[in-house]
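1. whatever this is, show me its structure:
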Amino acid sequence: EDGTKEWPGDQPGFQELKRDCSCRGSSGYAHWSCLVQYAANKVAEGGDITKAWRECPLCNQKYNNELRLDMADAFIQMADQIDDCEPFRYAEALWTKLLALDLDAEESKKTAFEMISMLEKVDEPHKCASWVTDPYGHSNSAKNLMSLAYEKIGWQVFQEGVRLKDESESSAKIQLAITYYEKYKELAMFVGNMTHVNDAETKIARSKRLDPFNKDEVKQDLPRLRAIYNQDPSPLNFSNLVMALKLEGHQIEIERKMAREIVKNKHLLGPTNPLTMELELGLKGLKVRRVNMLGKDTTDDIWAHRLVRYEDHYSSCVIAPMATAHDFVGGKDYQGDGKEFTISMDEFLDKFILSDGTPVMCIGLKSPKGAQLNGKIGDTRSYNKETQRYEIHFEDKALKPASVKMNNLQAMFDLPSIE
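-> As a prediction, this is how the structure comes out:
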């Protein structure tokens, strides 16, 4: 009544009305007890039971604000009272809470470790017929959840490491993060989730690149991995080479190689082969042109945005907050729901910088020496805040690296074909 949406389930006494999704009008409000009862009914029905605790069943948007955490806590309380599949169900409830937490909160790590501890108890075939047990006695579902928990811990530890000023302490934290990311990758490989394997490799590469004690070793390893791949272009050697290239910002070379691998795999394995499809998905992810807010920590995902496209003959551009694995909108200086917004190029130059490894093309250079670089493409390798210039390494190896201002660069969303 009074315009509220009535939900199935018991309603003992008055409950505060909630409105933390996209529903509007008569469907815009619901009693919290009704939402909990609805989600509990979905648990009894089976299927993707965590979705009912995270998303509104009408608009399918994730719950926001305090309701998000309240629903996660209710899920945990319910799981704690269920005997059937209790370890895994409780871990699922913890995962729902983990998604609801502020990623900077220490409770995020605590919840992830509790989740791993619970999943480690799943050491024998269980009552749930939907489980598929592996040779070690753990279910694939449990291992998949465990891998995600390790990813969360790794991300948190990595953020702590890059913020430390002492190089020794920073390196130790980053190496610890890599250990968690390696566990994330190991478990993802075990269950065959290549999307998570690629994500783990990207995070490992990024962590190694930012380890203050590891930079020289990374540079020395790249020629060796290139030689190994040239002798044996196996998927494993290709993956190792791509990881090393990411460390040095060789984005153009990676995209070229991945495009060739996709063509080769389509011919040899077919377009619907999982490896072919994973490579296509990986290339799509690589083509996201990440930018960071100037003056903010460029290693922190909360400041990350993506350059979507240029408009009005390159006088403006469209920016959107990054859609990260952590479901965090980011970009706190811009209020809103995370959708695209348009800014002038002058505003872009004042507020954003391109991420290392962004493919760019030189434009509008006037000096005799600089004019020869117009139309040439290369990767951004670093940004000098004092001179406001990017160091560009060109795809044409006959050209020496150049220091170029952003107003003489144009980000490349697709690379031009080469014969």
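2. what is the neighbour count of the residue lying closest to residue 242 once chain neighbours are set aside?
-> Distances taken as Cβ to Cβ, 6 or more residues apart in numbering put residue 254 closest to residue 242, at 5.6 Å, once the chain neighbours are dropped. In this view, the C-beta of every residue, glycine as well, is placed from N, C-alpha and C. Number of residues near residue 254 (other Cβ atoms under 10 Å) recorded here: 22.
3. next, count neighbours for residue 417.
-> Residue 417: 6 surrounding residues under other Cβ under 10 Å.
4. phi first, then psi, for it.
-> Backbone torsions of residue 417, given as degrees, to the nearest 10, read phi -70, psi 150.
5. next one: residue 316
-> Phi and psi for residue 316, reported as degrees, to the nearest 10, are phi -150, psi 170.
6. which ones are touching it?
-> Residues near residue 316 by Cβ atoms under 8 Å, 6 or more residues apart in numbering: 310, 342-345.
7. swap in 10 Å and give it another go.
-> The contact partners of residue 316, by Cβ atoms under 10 Å, 6 or more residues apart in numbering, come to 309-310, 342-348.
8. check the spacing between the residue nearest to residue 242 and residue 268 real quick.
-> In this view, residue 254 and residue 268 are 21 Å apart by Cβ to Cβ, to the nearest Å.
9. now the helices: where do they sit in this structure?
-> Applying DSSP state H to the chain gives helices spanning 32-45, 49-54, 65-80, 86-100, 106-119, 140-163, 167-191, 194-210, 215-231, 235-248, 251-268, 274-286, 345-351, 368-371.
10. can I get those in TSV with distance to residue 383 and mean pLDDT?
-> Shown next, in TSV, are the helices of the chain (distance: least, Cβ to Cβ, whole Å; pLDDT from 0 to 100):
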stretch	distance to residue 383	mean pLDDT
helix 32-45	47	70
helix 49-54	38	68
helix 65-80	36	69
helix 86-100	33	70
helix 106-119	30	81
helix 140-163	16	85
helix 167-191	20	91
helix 194-210	15	79
helix 215-231	17	77
helix 235-248	15	80
helix 251-268	15	91
helix 274-286	20	83
helix 345-351	12	88
helix 368-371	18	90
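11. let me have those in TSV, extended by distance to residue 401.
-> Below are the helices of the chain laid out as TSV (distance: least, Cβ to Cβ, whole Å):
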stretch	distance to residue 401
helix 32-45	56
helix 49-54	47
helix 65-80	47
helix 86-100	42
helix 106-119	40
helix 140-163	25
helix 167-191	26
helix 194-210	18
helix 215-231	15
helix 235-248	13
helix 251-268	14
helix 274-286	22
helix 345-351	22
helix 368-371	13
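12. which of those helices sits closest to residue 394?
-> helix 251-268 (9.0 Å; Cβ to Cβ).
13. and the closest one, what does it pack onto?
-> helix 235-248, helix 274-286, strand 359-362, strand 377-384, strand 389-394 (3 or more Cβ pairs under 10 Å, 6 or more residues apart in numbering; DSSP states H and E).
14. I'd say the residue nearest to residue 242 and residue 239 touch.
-> No - using Cβ atoms under 10 Å, residue 254 is not in contact with residue 239; the gap is 11.3 Å.
15. mind listing the shared neighbours of these two?
-> Common contacts of residue 254 and residue 239 (Cβ under 10 Å, 6+ apart): residue 282.
16. excluding residues flanking it in the chain, which one is nearest residue 239?
-> Closest residue to residue 239 apart from its sequence neighbours, by Cβ to Cβ, 6+ apart: residue 201 at 6.5 Å.
17. the one you found reaches residue 246, doesn't it?
-> Yes - here residue 201 reaches residue 246: they are 8.1 Å apart, a contact under Cβ under 10 Å.
18. was I right about residue 404 contacting residue 380?
-> Yes - the pair residue 404 / residue 380 is scored as a contact, 8.9 Å apart, by Cβ under 10 Å.
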